[in-house]
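K.L.:
sequence-free structure coming up:
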Ligand code: SF4
Ligand code: SF4
Ligand code: SF4
């Protein structure tokens, strides 16, 4: 193409002007609409809109439903959750999540991951504070009354079961369809750390029927109750011999 042919013609200019008028027409239409249908805004913070119960605001917790599995801590993409010790007359000395809401992006993953729905997404969004310390929500401050719709439930399908795009769906935490803990008996030294750590009491030390050649005491291996297990991986993390691993359901 020659350079002369690449110059704008009169028709091109007219077409471009037409495009400008087209978008201005939309703006003008909205201007008229906004002028007639006044007011378009509310006098926040004196006036407030009513938000639906599934509005995604700050996370909230129901303390007595929490089992201290720390799955919320592991899933948080912003790493703003930490397990901290608290003491209450009802629960005694326990660990519960604390959230730095200044770093929270309200994604709701913590509530999605929580196996007991103790963590929820609440419609609370007015979190501005004068200093950063006030943005740290300890477990007591993090509490929020539960309302249906605050918890995050989901259903999922397994890739391995997808045939022609269709597959059976399972509910969140379906014990038949979640990952399982696998023991490598050769590595296990029967220290029982996994059983002591498990927050759900899913591990029982069961005798294998063999005696330890040195101590002559029965050898015990952990036995896992899959229905109770919430796959928090705490047993895997505390095992000093790396005898436990996760078998994923895919
Ligand atoms: S809502 Fe998301 S970012 Fe906020 S604490 Fe939960 S997982 Fe972390
Ligand atoms: S995932 Fe749920 S049950 Fe587990 S520590 Fe977090 S809030 Fe508690
Ligand atoms: S068996 Fe292991 S993964 Fe399952 S709940 Fe207990 S500590 Fe967590």
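P.N.:
Now that the structure is in, tell me what you want to look at. Note that this is a predicted model, so its numbers are computed, not measured. Numbers count the residues shown, from 1 in each chain. Ligands and ions are numbered 1, 2, ... in the order given.
K.L.:
OK, contacts around residue 176?
P.N.:
Taking Cβ atoms under 8 Å, 6 or more residues apart in numbering, we find residue 176 in contact with residue 170. For glycine as for every other residue, the C-beta is placed from the backbone atoms N, C-alpha and C.
K.L.:
and it, helix, strand or coil?
P.N.:
Recorded secondary structure, residue 176: helix (DSSP: H, G, I helix; E, B strand; the rest coil).
K.L.:
and stretch 238-250, average pLDDT?
P.N.:
Stretch 238-250 shows a mean pLDDT of 94.
K.L.:
so which bits of that stretch are buried?
P.N.:
239, 243-244, 249 (16 or more other Cβ atoms under 10 Å).
K.L.:
just send those back as a markdown table, with secondary structure too.
P.N.:
Converted to a markdown table, these look like this (three-state DSSP):
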| residue | secondary structure |
| --- | --- |
| 239 | coil |
| 243 | coil |
| 244 | strand |
| 249 | coil |
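K.L.:
can you put the residues you listed in TSV and add distance to ligand 3?
P.N.:
Formatted as TSV, these follow (distance: Cβ to the nearest ligand atom, whole Å):
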residue	distance to ligand 3
239	10
243	12
244	7
249	14
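K.L.:
near ligand 2, which of those residues show up?
P.N.:
Of the residues in those, proximity to ligand 2 by Cβ under 6 Å from any ligand atom holds for none.
K.L.:
can you tell me which of these is closest to residue 36?
P.N.:
Comparing those against residue 36 with Cβ to Cβ places residue 249 closest, at 57.5 Å.
K.L.:
doesn't residue 174 make contact with the closest one?
P.N.:
No. Taking contacts as Cβ atoms under 8 Å, residue 249 lies outside contact range of residue 174: 9.5 Å.
K.L.:
which residues of this structure lie near ligand 1?
P.N.:
Contacts of the chain with ligand 1, taken as Cβ under 6 Å from any ligand atom, map to 59, 75-78, 80-81, 99, 104-110.
K.L.:
rerun at 5 Å
P.N.:
Residues of the chain found near ligand 1 (Cβ under 5 Å from any ligand atom) are 59, 76, 78, 99, 104-105, 107, 109-110.
K.L.:
most neighbours, which of the residues you listed?
P.N.:
residue 59 (30 neighbours; other Cβ atoms under 10 Å).
K.L.:
roughly how far does the most centrally placed residue in the chain sit from residue 73?
P.N.:
Nearest to the geometric centre of the chain sits residue 109, at 1.9 Å (Cα atoms, centre = their mean). In this view, residue 109 and residue 73 are 11 Å apart by Cβ to Cβ, to the nearest Å.
K.L.:
the chain: helices as residue ranges?
P.N.:
For the chain, applying DSSP state H gives helices covering 10-36, 71-75, 109-113, 139-142, 193-197, 234-238.
K.L.:
having no further points to raise, I will conclude here.
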